[in-house]
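> Dropping the sequence and predicted coords here.
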Amino acid sequence: MATVEPEVEKKFIEDSLGVTSQSFGEQITHTVWVEANKSPNISGSTFNKRLIVVGKCKIISIKRGTFGKSVELEFHLYNVSEICAESDDSFTIKYNGENNEQLGITIKAPLDKLQILIRAIRTSYRRITCGFPETSMMKLNLPENKLIDFEVPLIMSSAHGFVDGYIAHSYYYPRVYKSVGTLDFIRLIDALYSSDITEIDFTQLAGIEPSSELSFNLFTAITSLRNNTYFKSVNLSGLPHANIISAIGMCLETNKSITKLNLSNLRVEQSLQPLANGLVKNPSNVIQALDLSKNNIPFPIMATLCECFSKFSHGLVSLNLSKCELLPKTIAILFESFERNFGMSLAIKYLNLSHNKFGDIGSQAIGGWMAKIRGHHSLDCLVLANCNLNFQLMGPPLRVVDIPRLDLSLNRIDRTSAKLLGNEVFDTVMNLSELNFSGCGMNADSLEDIFISFNRNRKISNISLNLSHNALGAREATLMSKSISGCRYLEALDISNNRLNCRSLMELLNAIKNIDQFNLHELNIANNYFSQGPEGDQLCQQLASLINTFPTIRTLNISGGKYPLSKSLTPLLESLVKNNSLKELDISDNGLGDSMASIIGEMLRENTSLIYINLDNNQFGLSGWTAIAQPLLFDINRTLNHLIFPKTLASAYTSTLIQNFASTLQSFGSLSKEKRNQIIQLFQKMQDKLAENRFETSVLDSVYVSEYFNKTPYTVHIPEDFVTPLVDVPEHLSSLPPPSSPTLFESVNSSGTTSASVSTNSSSHILQHSINMNNSNGTNSINTSNSSVGSNTGTTNNTNNNGGNNNKQLNGAGSSTPTTVLVAPIDKNQRSRSNSNSSTASSAVSLSKRSNSSNSAAPPRQLITQTSDWQPNEESEADIYDTSNNNSFIAYSTDDESDNYTQDSYDDNSSRKSKQQQQQQQPPIRKPKPKSIKSNASVSSVKSSASIKSTASVKSVSSVKSSSSIKSSKSVKSTIPSQPPPVIINHENDSEQEEEEQPELEQEEEEQENIESQTDQDEQVDFQDDDDNEITENENNNNNNNLNEFHSDSQQVL
């Protein structure tokens, strides 16, 4: 007689499994009643009747008893490590618990039930592990009779199984994040996959803002990429999420398909250490384009990144580390890693290190690297803007590398640097096509040396020269006029934002006309000292003659700015009626008014060559815009694709006052509501007509591509499913001895901070790091283990009690590569964030303790993190050419600030101890003998000096010097000086140090002798000598105590 199985309501099963009402999420795939026990072996415990429910992501065991039903076991399929056979009628599912402990469930049932149950588990498991390596998959140790074929072949979800993986990851972190995959995000993935788009740009997703009601779990979405094989490019720039870095670190530990990664301007106050650790743990990564710009990268993190670069098994094509606050020593270790792996660095095409502090050390490092790669590199674009470069060190190597695109803007170029660059670089280069000298503080002498070298060079075919923001005046214009005629290869010239008046500009235009083999395409003279009247009219007439005489000029920018040309532009606009060569024109900010709008409208009726025109901020009223719009609205002009007026358009939608200006620039009042709606509708119709023109132009074979106004940033194209191989290293480079790997101790000398001790304001513990140099792979890697040292007792409490196995690796399936775990140092600008930094260090250690089994597909355990409420500093996004940044090219200070950091970082840890010692060792204050006082100022000075010396426990002679220099008549309160880290003190040198400071004390006493009598002087000297003896005795006692404590702490740490 068949047994009757207990009934369990379907609603209870769905609620227990976490089934949602949406079309995505957890679903019941199989249910069966079996005999089971909560043990990884058959003899572990008693078997009882249980309902096993298999879902898309989880397995649950439900028991039903006298008092009701409940869930006995619940675990995620990612945690399953093995399914093995215990007997003919049973099998065991082994899985990892929350604390990585080995758990399991043994199931007994007839063979047919076991076969179907195992197939259901395997079906769900393979759907959520698409692309996973075999080393992280669960093991199947089952006989063939228990393994039956799948009912249907595997049908992966969109993007090579990403959707199912995302849902599974969402159920893996329910207690921490309490979220499931959102429908909008899943639909987007489906759309990307159907359109064959392999780039996932998280910045453009709906619900990316944490405060939005449509927000989805970004952490889960990123970790779902850890084994995905579809997406090749990931963009996470500028996102205000606190868990981005840890998520991308987990992803990079195993991902082998992402080739482009953009993490620019992450708006979080977290260390980039998890990212660096993830790259180091995954030597099989294929990252070829990496953008970490606008993030703080201290020395320890850069050391880890450099370790990764030195082990790349493929070429790195693009690297952007601009605005990363890199210091000279940090930049030096970057190029050392390039030299340790020439095969990787020779493949670099784009390198951006702008807005970092190079100094002499960084300049020498990049110069040495460029000198070695000459003739064998792939470098096409080098951006070194605002880097405090020393051209004496890195200038000559620029000649041997001969880079086509070079940006040296915002670096101070004086006469010496200009002469060196001219003689050593620009007179011999062949491939240079773009040169940016913007904001370099160049004067007439500097320009003379540069242009002389250009005139000597007969090898350059064409070049674009940017001399904007250099405060060029009449003298510079005269010099350029004499030398520019020899630059026959000049293709583009930008002299905007200078101090050139109309007369100087006309002088330059006359010289440009005389260029042999004229080939100028672009001319930018915007935002100079224009003037209205005869000189302005002559300038515009000369411009009109230039563009009509030389049809090679396709782009002209004469934006007015502070000094508009206004009606002086009339000759130029009238000449454009019959011009058929100019493609792009910018006449914005020129205060044209409605009368000039009529001339522009007439020009647009006849001109058939202009594709782009900028008319923004020209004080046109409703009548003026109507005159400009007519050629477009009536389909008279079918070639204009871009009509730019963003400021005007914004004011039309946001402001209730749209002014109508006359020639006298006087307002006639605001437009009515009807007129305001009319001009908004006019703008909309103009935009529609421009879109129609762009569509018609796009179907033509000969489409003009803007060379100036629509220029996009330099990008490196990386073909899909292509990994740039290591470049063949020439023999002279392969024979060079590789530079030594950076060590933790070098960070002290580089950034003025030390990563050997990290102190926080909220705790009195010092985080010590024991360094283990691992040479198993032939390179040095730094592994750390954490221990806390009590500041009061001096005892050491190890956080790792595993004997010699203190250096645990972070989780990584099948990975045996040693992990570099370095805690970013805390400098004086980061002390307010010390708590978050220490928590980052502790989370890295906790993560190492939670490493999963190598046979488990589970992602790494993650500590609870909250969405960041940090607001970005908008000043970092300001224009680099703003007036506040005029002196941005001034040399940085390369002096180390290690003394300040050491002093500040040790104050909090030693404050309590120093106070206790001072209370115990404070000597009694001796009062001077009564005597006649002739000068109140001198006596009060002596008393204040004595009170400071006798009240505080002085640790060094420098504190005596500071206290003895006080000459104020006011009473001075004693203060406790900050104590530096304990050091070994040689007591034999104390007397010598006191003798060095004694002349200053004697000088003060001589000044007092001029005021006081001889008797008073003798008494004061006696009093001073007695106090000095007491102070010397206290110094010896305190130094002995510090020495004993330091030896005790050192022995315990070691």
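That came in fine, so what should we check first? Numbering: from 1, shown residues only.
> any idea how the protein splits into domains?
Domains of the chain are assigned by automatic domain parsing as 10-155, 157-231, 239-378, 756-802+834-865+898-908, 937-1053.
> how about S322, what does it touch?
S293, K294, N352, L353, S354, H355, N356, V383, A385 (Cβ atoms under 8 Å, 6 or more residues apart in numbering). Where C-beta positions appear, they are placed from N, C-alpha and C, glycine not excepted.
> residues in contact with whichever strand or helix holds D15?
Assessed by DSSP states H and E, D15 sits inside helix 10-17. Contact partners of helix 10-17, identified using Cβ under 8 Å, 6+ apart, comprise E26, I28, T31, L51, V53, G55, K58, I60, I62, K69, V71, E74.
> ok, for the last one, nearest residue in space, not its chain neighbours?
Put plainly, it is E74. Leaving aside its sequence neighbours, E74 sits nearest to I60 (Cβ to Cβ, 6 or more residues apart in numbering; 4.6 Å).
> ok, that neighbour to N617 distance?
Distance, I60 to N617, by Cβ to Cβ, to the nearest Å: 66 Å.
> again with L408
Applying Cβ to Cβ to L408 and N617 gives a distance of 32 Å.
> Who has more neighbours out of those two?
L408 (26 against 20; other Cβ atoms under 10 Å).
> Ramachandran coordinates for that one?
Phi and psi for L408, reported as degrees, to the nearest 10, are phi -120, psi 20.
> What of the one 3 residues further on?
Per-residue torsions, N411: phi -110, psi 130 (degrees, to the nearest 10).
> show me what contacts it?
L384, A385, N386, C387, N388, L389, F391, C440, F889.
> tell me, how many neighbours does the closest residue to it other than its chain neighbours end up with?
Leaving aside its sequence neighbours, N411 sits nearest to L389 (Cβ to Cβ, 6+ apart; 5.0 Å). When neighbours are counted by other Cβ under 10 Å, L389 registers 25.
> residues contacting L389?
Applying Cβ under 8 Å, 6+ apart, the residues near L389 are F358, S363, L408, N411.
> Which pLDDT value belongs to the first one?
Right, the one you point to is F358. We have a pLDDT of 97 for F358.
> So it sits against G367, correct?
No. If you go by Cβ atoms under 8 Å, F358 and G367 don't touch, sitting 10.0 Å apart.
> which of these two has more neighbours?
F358 (27 against 21).
> out of everything not next to it in sequence, what's closest to the more buried one?
Of all residues not flanking F358 in the chain, C387 sits nearest, at 4.5 Å (Cβ to Cβ, 6+ apart).
> By neighbour count, which of the contacts of S322 wins?
N356 (26 neighbours).
> Please tell me how far it sits from N388.
Taking Cβ to Cβ as the measure, N356 and N388 are separated by 8 Å.
> try Q288
Relative to N388, and taking Cβ to Cβ, Q288 is found at 29 Å.
> So between the two, which is more surrounded?
Neighbours were counted for Q288 and for N388 using other Cβ under 10 Å; Q288 has more, 26 against 23.
> For the helix or strand that contains L334, which outside residues touch it?
If you go by DSSP H and E, L334 is part of helix 328-340. The contact list for helix 328-340 (Cβ under 8 Å, 6+ apart) reads 297-299, 302-303, 305-307, 309-310, 321, 326, 344-345, 353, 356-362, 364-366, 368-369, 372, 736, 738-742, 746, 749-751, 894.
> So K578 sits against S609, correct?
No. If you go by Cβ under 8 Å, K578 and S609 don't touch, sitting 10.0 Å apart.
> between the two, which one's more packed in?
Higher neighbour count among K578 and S609: S609, with 16 against 11, using other Cβ under 10 Å.
> Looks to me like the more buried one is in a helix.
No. Looking at S609 with DSSP: H, G, I helix; E, B strand; the rest coil, it is coil, so not inside a helix.
> for the residue lying closest to it once chain neighbours are set aside, helix, strand, or coil?
The shortest distance from S609 to any non-neighbouring residue, by Cβ to Cβ, 6+ apart, is to N580 (4.6 Å). Judged by three-state DSSP, the three-state class of N580 is coil.
> quick one: N580 from I167, how far?
60 Å.
> So if I had to pick from these two, which one is more boxed in?
With neighbours defined as other Cβ under 10 Å, N580 and I167 compare such that I167 has more, 25 against 11.
> Please, which helix or strand holds the more buried one?
helix 158-172.
> and that helix, what does it pack onto?
strand 68-76, helix 183-194, helix 218-223 (3 or more Cβ pairs under 8 Å, 6 or more residues apart in numbering; DSSP states H and E).
> Determine which stretch of the ones you listed is the most buried.
helix 218-223 (a mean of 25; mean count of other Cβ atoms under 10 Å).
> Now do that one: which elements does it pack against?
helix 158-172, helix 244-252.
> What about Q102, how many residues nearby?
Q102 has 12 neighbours, counted by other Cβ under 10 Å.
> Okay, it and A242: tell me how far apart.
Taking Cβ to Cβ, one finds Q102 at 33 Å from A242.
> next one: L292
Applying Cβ to Cβ to L292 and A242 gives a distance of 18 Å.
> How about K357?
28 Å.
> cool, M394 as well?
39 Å.
> swap in E434?
When distance is defined by Cβ to Cβ, E434 is 39 Å away from A242.
> Neighbour count for the two, which is higher?
For E434 versus A242, the count of surrounding residues by other Cβ under 10 Å is larger for A242: 21 against 18.
> mind checking pLDDT for that one?
pLDDT, A242: 76.
> Now do the same for it: helix, strand or coil?
coil.
> for it, phi and psi?
Per degrees, to the nearest 10, the backbone of A242 is at phi -80, psi -20.
> How about N141?
Residue torsions, per degrees, to the nearest 10, at N141 are phi -110, psi 70.
> so who does it touch?
Applying Cβ under 8 Å, 6+ apart, the residues near N141 are E82, I83, C84, A85.
> swap in L290?
Here L290 is in contact with L261, L316, S318, L319, N320 (Cβ under 8 Å, 6+ apart).
> 7 Å instead, please
By Cβ atoms under 7 Å, 6 or more residues apart in numbering, the contact set of L290 is L261, L319.
> For my notes, confirm it occurs in a strand.
Yes. Assignment of L290 by three-state DSSP places it within a strand.
> Just the pLDDT for it.
97.
> For it, list each beta-bridge partner.
Applying DSSP bridges to L290 yields these beta-bridge partners: L261, L319.
> go on, S90?
Beta-bridge partners, per DSSP bridges, of S90: S87, K108.
> quick one: it from H717, how far?
From S90 to H717 the distance is 57 Å (Cβ to Cβ).
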